[in-house]
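Peer 1: Predicted model and sequence below, questions to follow.
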Amino acid sequence: MIAPSPASLLAAWRFAQRPTRRRGCGTLGGALMVLACGGALATVLGVGGPWVASAAWCCALAGSACLCFAVFQVAFASALVGIALGVAGQIMVGGVASGVEWVLTSRLGALNGHVLVTKYGLDFVEYERVAEALGEDPEALGTSPFAYGIVSMSPPLDVSAAARGESQTDHAAPVGPAVMMLKGVLPDRAASFPGFEDMFERGSALASLRPANPTRPPGLAVGRALAAKMGVGLGDEVVVAAPRPLDGTGQARRRPPRFATFEITGIVSTRMREFDARAGICHLTAAQALLFGEGRVTGVEAYVRDAHRAPEVAARTLTAIQPPGGRRLYRATTWIDQGSELLQLVRRTQLGVHAALSLLLVVAAANLVGALIILMRRRAGEIATLGMLGATPRMQGRIFTGVGFSMGLVGGALGVALASLAGLLLAHANIGLDPSVYGVETLSMRPSAVDIFVPWGAAIGLCMAGTGPVAWAAGRLAPLVALRRA
């Protein structure tokens, strides 16, 4: 492939431009860009909603297209707009997928940590030693033991109404029990996890997750969706029942289930419907008493500095805590294993949309090739003149390669600008999603450098690859033949 020089890029730019500017398109494009700026400013200031943000982005797209048609020839302008749309779409899809993955990473890390160490069997009582070993890893920001179990939560029976012979259905619709994922933590240790305190919409980690005392029941923080389903709020008391523990003995079937009264002291929101509809957090001692009846735990969790290095932290921790002799008493999982289904769904969707949008880039590159063929025929006289003035075939080919490079560069830059505007509007428009379908409540973009520069580089590469044969044909065009075609 012939690499374009700065002089050939300048010549290519002049070849792609219109001989005369179209003032109507330029004026319309400027007016649309002013409207786009106004809509974006209104969205940032909180005046406009999602519709204003959508209108602002559409105005920016239409204004950019009008400016392209005002400056460049029609064929080149259409290719430029197609490249911009393809690059912007790729960046936006990658940014949204990265945003969902970031939400999943941060929320799962705050709620369950990035690394979970559990033990085979039902005697995990040396959890402080394991937590100390896990906390010694340089990537670990905090560790906390936890107790976990599936329980049912129901509102308590109105004793005064029962004494009068009344039913609860005489005053309000009955509320049945709800399945809850109860997790007991040490609040001072769990509060060291970034984002854990931010989950509490009402109450706080240290105040809400209080242990039991002789005067009042232990505190319980429940998910926002679960609280709405049960119709409970701060200060309400609920009954939490745990199934009888199974320890492999025949006596387990004769043991009654355990139950305890908790006071709702906090409302938490992970912004993930799956967790908010079933999450319940309490003090570790209260969960141990209810779930196990003894001082053991389910495992130890850790929040690591770089979530994507969690598998390395898990491997190092297992190496440090496993007993000698090849015995495997402990196992470790990561946040990737916990959210694997949702992560795989997001990544498969991202791959499919990327593949579809890549076709737009291919079509835009093919359009550019057609525009270059038309340009070579229309400018045959100028090409012949360059040849007679001493321009070598390589120099002439560089001009056409420069057209492809400049179209990919400018179209990619325009796509990056459109995607950046979309990210700004999404950050302030607060576009809500159905959490039961998408798993998250809001749409956001967090594009990485890979999400930005890979589509941009792919656009430049496709444009240069498509213009290569045309550049080769233009370089081999004889001056006399070009004059006859002119």
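Peer 2: Cool, the structure landed. Numbers count the residues shown, from 1 in each chain.

Peer 1: Test my guess that Met230 contacts Gly176.
Peer 2: No - judged on CB atoms under 8 Å, Met230 makes no contact with Gly176 at a distance of 9.2 Å. Every residue, glycine included, has its C-beta placed from N, CA and C.

Peer 1: With neighbour numbers in mind, choose between those two.
Peer 2: Met230 (20 against 9; other CB atoms under 10 Å).

Peer 1: tell me the pLDDT at that one?
Peer 2: As predicted, Met230 sits at a pLDDT of 86.

Peer 1: dump the residue contacts of it.
Peer 2: Neighbouring residues of Met230 by CB atoms under 8 Å, 6 or more residues apart in numbering: 153-155, 175, 178, 222, 238.

Peer 1: Where does Val47 sit: helix, strand or coil?
Peer 2: What DSSP: H, G, I helix; E, B strand; the rest coil gives for Val47 is coil.

Peer 1: Just want the phi and psi numbers for it.
Peer 2: phi -80, psi -40 (degrees, to the nearest 10).

Peer 1: Ala366 now?
Peer 2: In terms of degrees, to the nearest 10, the main-chain angles of Ala366 are phi -70, psi -40.

Peer 1: pretty sure it contacts Gly466?
Peer 2: Yes - using CB under 8 Å, Ala366 is in contact with Gly466, at 6.6 Å.

Peer 1: Pick out whichever of the two has more residues nearby.
Peer 2: Shown here are Ala366 and Gly466; by other CB under 10 Å, Gly466 has more neighbours (22 against 14).

Peer 1: And for His283, nearest residue in space, chain neighbours not counted?
Peer 2: Distance criterion CB to CB, 6 or more residues apart in numbering; nearest residue to His283, sequence neighbours excluded, is Pro211 at 4.3 Å.

Peer 1: and what of Ala62?
Peer 2: Counting by CB to CB, 6+ apart, Ala62 lies nearest to Leu32, which is 5.1 Å off, once chain neighbours are set aside.

Peer 1: That neighbour and Gly63 touch, don't they?
Peer 2: Yes - with contact defined as CB under 8 Å, Leu32 reaches Gly63; the gap is 3.2 Å.

Peer 1: Please tell me which one of the contacts of Met230 counts the most neighbours.
Peer 2: Ranked by neighbour count (other CB under 10 Å), those have Val222 at the top, with 31 neighbours.

Peer 1: my read: that residue touches Thr265, true?
Peer 2: No - taking contacts as CB under 8 Å, Val222 lies outside contact range of Thr265: 9.6 Å.

Peer 1: residue boundaries of the helices in the stretch 101-250 of the chain?
Peer 2: Remark: helices assigned in the stretch 101-250 of the chain by DSSP state H, counting those that start in this stretch are 127-135, 159-163, 187-190, 205-208, 224-230.

Peer 1: and of those, who's closest to Ala88?
Peer 2: In terms of CB to CB, the element of the helices of the stretch 101-250 of the chain nearest to Ala88 is helix 224-230, at 34.7 Å.

Peer 1: which parts of that closest one are buried?
Peer 2: For helix 224-230, a neighbour-count test (16 or more other CB atoms under 10 Å) marks 224-227, 229-230 as buried.

Peer 1: which stretches of the stretch 51-200 of the chain have low pLDDT?
Peer 2: Counting by pLDDT under 70, the stretch 51-200 of the chain has low-confidence residues at 156-175.

Peer 1: residues in contact with Ala310?
Peer 2: Residues near Ala310 by CB under 8 Å, 6+ apart: 114-115, 304, 334-336.

Peer 1: show me the contacts for the closest residue to Gln350 other than its chain neighbours.
Peer 2: Distance criterion CB to CB, 6+ apart; nearest residue to Gln350, sequence neighbours excluded, is Ala97 at 4.1 Å. Counting by CB under 8 Å, 6+ apart, Ala97 makes contact with 346-347, 349-350.

Peer 1: Check which residues of the host helix or strand of Ala97 are buried.
Peer 2: According to DSSP states H and E, Ala97 maps onto helix 74-112. For helix 74-112, burial by neighbour count (16+ other CB under 10 Å) applies to 75-101, 103-112.

Peer 1: Repeat that for stretch 449-468.
Peer 2: For stretch 449-468, burial by neighbour count (16+ other CB under 10 Å) applies to 451-452, 454-456, 458-464, 466-468.

Peer 1: Put the alpha carbons of that stretch into PDB.
Peer 2: Extracted C-alpha coordinates of stretch 449-468, given in PDB (Å, rounded to 0.1, in the frame of the first residue of the first chain):
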ATOM      1  CA  ALA A 449      -9.600   3.700  24.800                       C
ATOM      2  CA  VAL A 450     -10.000   0.400  22.900                       C
ATOM      3  CA  ASP A 451     -13.700   1.200  22.300                       C
ATOM      4  CA  ILE A 452     -12.700   4.600  20.700                       C
ATOM      5  CA  PHE A 453      -9.500   3.900  18.800                       C
ATOM      6  CA  VAL A 454     -10.200   0.500  17.400                       C
ATOM      7  CA  PRO A 455     -13.300   1.500  15.300                       C
ATOM      8  CA  TRP A 456     -11.500   4.700  14.300                       C
ATOM      9  CA  GLY A 457      -8.400   2.800  13.200                       C
ATOM     10  CA  ALA A 458     -10.600   0.200  11.400                       C
ATOM     11  CA  ALA A 459     -12.300   3.000   9.500                       C
ATOM     12  CA  ILE A 460      -9.000   4.400   8.300                       C
ATOM     13  CA  GLY A 461      -7.700   0.900   7.400                       C
ATOM     14  CA  LEU A 462     -10.800   0.000   5.400                       C
ATOM     15  CA  CYS A 463     -10.700   3.300   3.500                       C
ATOM     16  CA  MET A 464      -7.100   2.900   2.700                       C
ATOM     17  CA  ALA A 465      -7.500  -0.800   1.700                       C
ATOM     18  CA  GLY A 466     -10.400   0.100  -0.500                       C
ATOM     19  CA  THR A 467      -8.600   3.000  -2.200                       C
ATOM     20  CA  GLY A 468      -5.400   0.900  -2.800                       C
END
